[in-house]
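# got a sequence here, can you model it:
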Amino acid sequence: MAFSWKASDQIELAGGVRWQNEKRDLTVFNRLTNLRTVLAPGSDHISSKNWSPEFTLTYTPSDTLTIFGAFKQAYKSGSFNIVIPGNTGEDKHFGDEKVQGGEVGIKSRLLDRSLSLNVAGYYYRYSGLQTGVNEPAQNGLPVLRTVNAGKAEIYGIDFDMRYRPRSVEGLTLNLAGAWNKTKFLELNNVPCWGGQLVSQGCNQFLNTTTGRYTSQNLTGIPFVRAPEWQVNFGFTYETHLSNGMRLVFGNDNQYQSSYLTILGNDKVRPITRQPGALKIDANLTLFGKNDRWNIGIYGKNLGDKLRPGYCSSYNAAGGSIFTAPVAGVADASQRNAAGVDEIGCSFANGRSIGITAGIKY
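Numbers count the residues shown, from 1 in each chain. Got it, this is the predicted structure:
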């Protein structure tokens, strides 16, 4: 349901609300025994109901300036961890995620409309944030499980601008940036990585059978893959040639500051933090008359900066044959021969250079 009310020529209030009612069931069937696996009581069926309202107040004093403020509440329903089959009595579900917050900002056209400038600040607070954590490896393979962080927050400022200087025909400059702060305000019961010591934070949930701790408290750390600074900048320059042809030269650059590649404390395990890097793209394209044909060359990530996406902590050297590293012991001498977990990552493409061509019929 949505509504819009124009209080005057300059002020408008818009809003809406969404209601959800979801139900999910999980059945685990073992084809080897031909029997159904009985999970923890009540964990094989989850349901949730939620109202998600949203309101935006917009003030437009002129056709070149808009000021707005918004309040939003969102929701993501829970589900089940099904990467690996469930065992008898196991709880495979994770709960709902909820977030409340808002933003304020301006949208403007300046310098006789040659400059477009937009700025917005935001703050959102999560409860039950669905977060991926590494379970201790099973059969040598890393297992990612979703848990609910107790509380988390994110706030920052976004801006973007586009400028076409009248003194240089065909030139367009682009700049966009974001300052983004994230923090888990409450994040307990995160599985320890293999080989993690008590002094390194693996000091929760003592296993009385093994005498080792199994979990850690990561309250206060930032989100994974959430750099504090991101800046995109570049330009496009177009010039007209004889016989109706035109030449377009473009450049795009993306800078990201350092960020965590995996959930953990980078003060204890510095390898989990990826340093900042600048990626540079460029292209040059020649267009024929009426754009009937084109030929060009491009280069992406010219500096060959390798940036990881998904990472996981696991016993890469031991695999499924040798004993996995133990965690939650008091001293490094109590680790077994496997030592500590390695970290494996998937990476975005490195440097690439290519040629493009096209014909329009």
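# can you pull the phi/psi pair for the closest residue to Asn315 other than its chain neighbours?
When the adjacent residues along the chain are set aside, Asn315 lies closest to Ala324, with 4.8 Å between them (C-beta to C-beta, 6 or more residues apart in numbering). (Glycine included, C-beta is placed from N, CA and C.) Ala324 has phi and psi values of phi -80, psi 150 when expressed as degrees, to the nearest 10.
# gap between Lys360 and Gly288?
9 Å (C-beta to C-beta, to the nearest Å).
# and these two? Which one has more around it.
Gly288 (17 against 10; other C-beta atoms under 10 Å).
# quick one on the thing from earlier: quick one: the residue nearest to Asn315 from Glu342, how far?
Ala324 is 12 Å from Glu342, by C-beta to C-beta.
# now do the shared contacts for these two.
The contact sets of Ala324 and Glu342 overlap at Asn315 (C-beta atoms under 8 Å, 6 or more residues apart in numbering).
# re earlier: ok, the residue nearest to Asn315 touching Trp193?
No: the criterion here is C-beta atoms under 8 Å, and Ala324 misses it with Trp193 at 10.9 Å.
# of those two, which one has the most company?
Legend: neighbour count by other C-beta under 10 Å for Ala324 and Trp193, higher for Trp193 (28 against 20).
# thought Gly264 was touching the more buried one, still the case?
Yes: between Trp193 and Gly264 there is a contact under C-beta under 8 Å: 6.7 Å.
# now do the shared contacts for these two.
Residues touching both Trp193 and Gly264 (C-beta under 8 Å, 6+ apart) are Ser313.
# how about the strands in the stretch 201-350 of the chain?
204-207, 212-216, 229-240, 246-256, 259-260, 273-274, 277-287, 293-300, 308-314, 342-347 (DSSP state E, counting those that start in this stretch).
# for the fifth one, packing partners?
By that I understand strand 259-260. In terms of contacts (3 or more C-beta pairs under 8 Å, 6 or more residues apart in numbering; DSSP states H and E), strand 259-260 is packed against strand 273-274.
# quickly note the distance from the residue most central in space within the chain to Ala337.
Residue closest to the mean C-alpha point of the chain, counted by C-alpha atoms, centre = their mean, is Arg225 at 5.6 Å. Using C-beta to C-beta, Arg225 is found at 33 Å from Ala337.
# next one: Gly15
From Gly15 over to Ala337 (counting by C-beta to C-beta), the distance is 62 Å.
# give me the more crowded residue out of these two.
More crowded of Gly15 and Ala337, by other C-beta under 10 Å: Gly15, with 16 against 8.
# need the contact list for the more buried one.
Ala2, Phe3, Pro53, Glu54, Phe55, Thr56 are the contacts of Gly15 under C-beta under 8 Å, 6+ apart.
# try it again with 6 Å
Phe3, Glu54, Phe55 (C-beta atoms under 6 Å, 6 or more residues apart in numbering).
# generate a ChimeraX selection restricted to the buried entries among those residues.
With 16 or more other C-beta atoms under 10 Å as the criterion, this ChimeraX line picks the buried residues out of these:
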select :54,55
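# just curious, which of the contacts of Gly15 is nearest to Val168?
Comparing the contacts of Gly15 against Val168 with C-beta to C-beta places Glu54 closest, at 41.9 Å.
# quick check: phi and psi on that closest one?
phi -150, psi 130.
# and it, how far from Tyr310?
31 Å.
# check Lys151 too.
For Lys151, the distance to Tyr310 - C-beta to C-beta - is 25 Å.
# what residue of this protein is the furthest out?
The chain, farthest from centre, C-alpha atoms, centre = their mean: Asn243 at 47.5 Å.
# what's the distance between the closest residue in space to it that isn't next to it in sequence and Gly170?
Nearest non-adjacent residue to Asn243, counting by C-beta to C-beta, 6+ apart: Lys289, 6.1 Å away. Counting by C-beta to C-beta, the gap between Lys289 and Gly170 amounts to 17 Å.
# where's Arg351 relative to Leu278, distance?
Relative to Leu278, Arg351 is positioned 13 Å away (C-beta to C-beta).
# look at the two and report which has more neighbours.
Arg351 (14 against 11).
# which residue sits closest to the more buried one, ignoring its sequence neighbours?
Nearest non-adjacent residue to Arg351 (C-beta to C-beta, 6+ apart): Asp304, at 4.0 Å.
# how confident was the prediction at the one you found?
The model reports Asp304 with a pLDDT of 95.
# make sure it is actually in contact with Gly350.
Yes: using C-beta atoms under 6 Å, Asp304 makes contact with Gly350 at a distance of 4.9 Å.
# ok, Leu187 touching Asn217?
No: between Leu187 and Asn217 there is no contact under C-beta under 6 Å: 7.1 Å.
# higher neighbour count, the two?
A direct count of neighbours by other C-beta under 10 Å for Leu187 and Asn217 places Leu187 higher, at 23 against 17.
# got the contact list for that one?
Ala149, Leu218, Thr219.
# and it, what's its pLDDT?
So Leu187 comes in at 90 (pLDDT).
# turn the contacts of Gly15 into TSV, including distance to Gln20 and pLDDT.
Output for these, formatted as TSV (distance: C-beta to C-beta, whole Å; pLDDT from 0 to 100):
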residue	distance to Gln20	pLDDT
Phe3	19	87
Glu54	14	94
Phe55	18	95
